[in-house]
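Asks: Structure, please.
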Amino acid sequence: MSKIRPSKGAPYARILGVGGYRPTRVVPNEVILETIDSSDEWIRSRSGIETRHWASDEETVAAMSIEASGKAIADAGITAEQIGAVVVSTVSHFSQTPAVATEIADKLGTAKAAAFDISAGCAGFGYGLTLAKGMIVEGSAEYVLVIGVERLSDLTDLEDRATAFLFGDGAGAVVVGPSQEPHIGPTVWGSEGDKSETIKQTVPWNEFRIGDVSKLPLDSKGNIKFPAITQEGQAVFRWAVFEMAKVAQQALDAAGITPDDLDVFIPHQANERIIDSMVKTLKLPEHVTVARDVRTTGNTSAASIPLAMERLLATGEAKSGDTALVIGFGAGLVYAATVVTLP
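Replies: Okay, here's the model as predicted:
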């Protein structure tokens, strides 16, 4: 029997650069209040959200990704030609095929990099980061571009009082490359499919085929509603607060890190009340910087962690070399947490 030659990669991987893109249009709560019966005070008290960004027609999933990726590549100090793989996490690219990653890889000028999309909701960045780490250590790529990108404004029901104010658009990207020291810890990830109904799309795409539309939802004007994201808010809140704090602690334990060792905490930017509760449950010391990008960016699903990371570094609230705990969680229900060194 022939012997297969083993692959040879780097001993470890690390994040080398980060970039972000937020659409030009800033949408305050007052705009959301035009279609729901609520108040700015109620939205802020329940979510912490003050504004969010909504993309224009020109700010496509691909266009936003390319902008964020260009910044990440420059920050990493490499060229696009050195990128060996492009991993895009998104739930808002509406063409089933081809993957938007291939368009991004081409327009960035990569040398025919491997490219594919993944769908893991708000945990998608963590899933992509884990795949990138594996590719580098396994030897199938030297540098991997990981992108989290969403146009959730396309999937927002502006008449749904429970979700109309939550979602925003944007793209965040990181370049992951080789390292001689461990700078990305073990990933604690998983799924709880028995809770899949708590966050979901209102109507499957196949129900929009020509035929019986009597079961499709209608808006207040009698028009057929485009599919939107809906969620059972209280159930999701309880799960995130009680269960995800346990996952975050498991990630710390797996990395051999204590809360006192941390410099930065970057949770998925779903809701500031969830963030506050996790900080309290984890007993994070006061010196730990906590990402609160949700206030001005909203919930951008797969993009939220890299966008928050990019902002913390840009504002000086965090610095290169800081030790950060990152955790994403959302539709599926799925989750992923790890400890990283900031680029």
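
Asks: mind checking the SS state of the residue nearest the centre of the chain?
Replies: Geometric centre of the chain, nearest residue: Ala302, 2.0 Å, by CA atoms, centre = their mean. The three-state label given to Ala302 by DSSP: H, G, I helix; E, B strand; the rest coil is helix.

Asks: Going forward, the N-terminal residue is numbered 38.
Replies: Got it, first residue is 38 now, which makes that one Ala339.

Asks: thinking it is in contact with Gly185, fair?
Replies: Yes: Ala339 is in contact with Gly185 according to CB atoms under 8 Å; the separation is 3.6 Å. All C-beta atoms are positioned from the backbone trio N, CA, C, and that covers glycine.

Asks: Look up the residues that both of these two are in contact with.
Replies: Counting by CB atoms under 8 Å, 6 or more residues apart in numbering, the shared contacts of Ala339 and Gly185 are Ser126, Thr127, Gly161, Phe162, Gly165.

Asks: Just the closest of those residues to Ala100, please.
Replies: Closest to Ala100 out of these is Thr127 (13.0 Å), distances taken as CB to CB.

Asks: just checking, that closest one touches Val183?
Replies: No: assessed by CB under 8 Å, Thr127 is found out of contact with Val183, at 11.8 Å.

Asks: Who has more neighbours out of these two?
Replies: Taking other CB atoms under 10 Å, Thr127 and Val183 do not tie; Val183 has more neighbours (31 against 27).

Asks: Could you measure from the more buried one over to Met172?
Replies: Val183 sits 10 Å away from Met172, taking CB to CB, to the nearest Å as the criterion.

Asks: now do Ala50
Replies: 8 Å.

Asks: Looking at these two, which is more packed in?
Replies: In terms of neighbours (other CB under 10 Å), Ala50 is the more surrounded of Ala50 and Met172; the figures are 24 against 21.

Asks: For the strand or helix carrying that one, which helices and strands make contact with it?
Replies: Following DSSP states H and E, one finds Ala50 within strand 49-58. Judged by 3 or more CB pairs under 8 Å, 6 or more residues apart in numbering; DSSP states H and E, the packing partners of strand 49-58 are helix 98-113, helix 161-175, strand 206-216, helix 341-352, strand 371-378.

Asks: give me the number of residues near Asp297?
Replies: 10.

Asks: Tell me the secondary structure of it, please.
Replies: Assignment for Asp297 (three-state DSSP): helix.

Asks: check contacts around it.
Replies: Pro322.

Asks: again with Ile110
Replies: Gly54, Gly56, Thr116, Ala117, Ile120, Leu145, Leu182, Val212.

Asks: give me that answer again for 7 Å
Replies: The neighbours of Ile110, taking CB atoms under 7 Å, 6 or more residues apart in numbering as the test, are Gly54, Ala117, Val212.

Asks: How about Ser190?
Replies: Contacts of Ser190 by CB under 7 Å, 6+ apart are Trp91, Ala92, Phe204, Asp206.

Asks: ok, which pair from those residues is furthest apart?
Replies: Pairwise distances across those peak at 11.3 Å for Ala92 and Phe204 (criterion: CB to CB).

Asks: can you give me the strands for the stretch 188-337 of the chain?
Replies: In the stretch 188-337 of the chain, strands defined by DSSP state E, counting those that start in this stretch lie at 206-216, 225-228, 236-238, 266-268, 301-304, 326-327, listed in chain order.

Asks: The first one pairs with which strands, and in what direction?
Replies: Think strand 206-216. Counting by DSSP bridges, the strands paired with strand 206-216 are strand 49-58 (antiparallel), strand 180-188 (antiparallel).

Asks: buried set for the first one?
Replies: Same thing as strand 49-58. Residues Ala50, Arg51, Ile52, Leu53, Gly54, Val55, Gly56, Gly57, Tyr58 are the ones in strand 49-58 that count as buried (16 or more other CB atoms under 10 Å).

Asks: Can you check what pLDDT the model gives the last one?
Replies: Predicted confidence (pLDDT) for Tyr58: 99.
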